[in-house]
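Novice: Need a 3D model of the following:
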Amino acid sequence: MEHVVMLGERKLSLPLIMLLSFISLVLLTSQCQHHDSVDREAHIALYSDRGVWPESVQAAERMFQWMGYSTDRIDADDVKDGVLDNFALLCVPGGNMYQYAQDLSSIGIENMRSFVREGGAYLGLCGGAYFAAQKVVWQGNQLPMLSLELFPGTSQGPFDEIVPYPDSTMCLVNIVDATHPITQAEPDSVWILYFWGPALLPEEDAEVTILGRYESIDQPAMLALQYGAGRVFLIGTHPEIEEDSDRDGVSVADELDDRGSDWDLMKKATLWCLQE
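Specialist: Okay, here's the model as predicted:
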């Protein structure tokens with residue numbers, strides 16, 4: 001005898017009820033998975049925890065949104081808990097790289113490293129560029145800290161030859177590789193905010209592409225490299241800051257002359273890192 005259930009004026013058989021229940025369960029599960037996961041192809045994690053320069057975080061957030069990417073701010077605990085699996089690119093902004101290392105500890109640092117090695121993208125701005133090197137030198141002293149070691153070389157700074165510490169200034173960066181996708185169609189040089197950033201000194205025979213050099217000290221200011229299946233872009237300056245525009249959401253360095261936005265350069269760097 002077939003079991004039936006009355007629904008309003010309709011009769012539903014037990015097999016049909018079971019089928020509808022199964023379909024509902026599948027749809028619910030699908031919705032939950034969609035809510036809990038993130039589109040890895042278009043989503044950017046922006047590190048924001050102790051030691052970060054807040055203006056760098058805010059300006060980078062505005063910059064990525066201008067590019068059309070969604071962003072989420074994450075902290076050290078998030079990284080240690082494995083949240084990077086939900087993202088396509090990790091941006092570490094300007095700030096205190098020593099504090100980053102202390103908060104992330106070996107667990108968070110290895111999670112970041114694995115994220116890039118397995119195909120994720122890394123973009124380091126100033127402090128984030130310091131943090132990516134094998135060796136970090138600050139004011140002539142190597143810091144006793146763990147680092148990401150994505151970049152086979154030394155991050156070293158700041159340089160009084162550019163501007164006496166702790167001041168900041170616009171600095172000239174000469175483009176030295178006009179064939180790379182990031183720097184194609186860029187002018188021969190660009191003016192970018194310098195705020196205690198590093199020179200990026202690769203080890204001999206390191207497989208990196210130096211894209212730009214500081215004019216005043218003739219040392220590498222930005223570079224690109226492959227790390228495992230992932231890509232890395234590092235820059236010692238602050239291209240996220242728009243000195244003569246309020247679209248970055250911050251007022252820092254507004255008295256300086258940008259001589260053109262650096263966001264187009266950063267968009268090409270982001271696209272390259274994402275392998276798009």
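Novice: Now the residue nearest to the spatial centre of the chain. Nearest residue, chain neighbours left out?
Specialist: Nearest to the mean C-alpha position of the chain, by Cα atoms, centre = their mean, lies residue 91 at 1.4 Å. Spatial nearest neighbour of residue 91, excluding adjacent residues (Cβ to Cβ, 6 or more residues apart in numbering): residue 123 at 4.6 Å. C-beta: built from backbone N, CA, C; applies to glycine.
Novice: That neighbour: what secondary structure?
Specialist: strand (DSSP: H, G, I helix; E, B strand; the rest coil).
Novice: so what's it up against?
Specialist: 89-92, 232-234, 269-270, 273 (Cβ atoms under 8 Å, 6 or more residues apart in numbering).
Novice: between those residues, which is nearest residue 185?
Specialist: Each of the contacts of residue 123 was scored against residue 185 by Cβ to Cβ, and residue 269 proved nearest at 13.2 Å.
Novice: Give me the pLDDT for the closest one.
Specialist: Predicted confidence (pLDDT) for residue 269: 98.
Novice: so it sits right up against residue 184, yeah?
Specialist: No - look at residue 269 against residue 184 with Cβ atoms under 8 Å: they stay out of range, at 11.6 Å.
Novice: picking that back up, any chance of the contacts of residue 123 in JSON lines, plus secondary structure and distance to residue 260?
Specialist: Below are the contacts of residue 123 laid out as JSON lines (DSSP: H, G, I helix; E, B strand; the rest coil; distance: Cβ to Cβ, whole Å):
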{"residue": "89", "secondary structure": "strand", "distance to residue 260": "24"}
{"residue": "90", "secondary structure": "strand", "distance to residue 260": "27"}
{"residue": "91", "secondary structure": "strand", "distance to residue 260": "22"}
{"residue": "92", "secondary structure": "strand", "distance to residue 260": "25"}
{"residue": "232", "secondary structure": "strand", "distance to residue 260": "25"}
{"residue": "233", "secondary structure": "strand", "distance to residue 260": "19"}
{"residue": "234", "secondary structure": "strand", "distance to residue 260": "21"}
{"residue": "269", "secondary structure": "helix", "distance to residue 260": "16"}
{"residue": "270", "secondary structure": "helix", "distance to residue 260": "18"}
{"residue": "273", "secondary structure": "helix", "distance to residue 260": "22"}
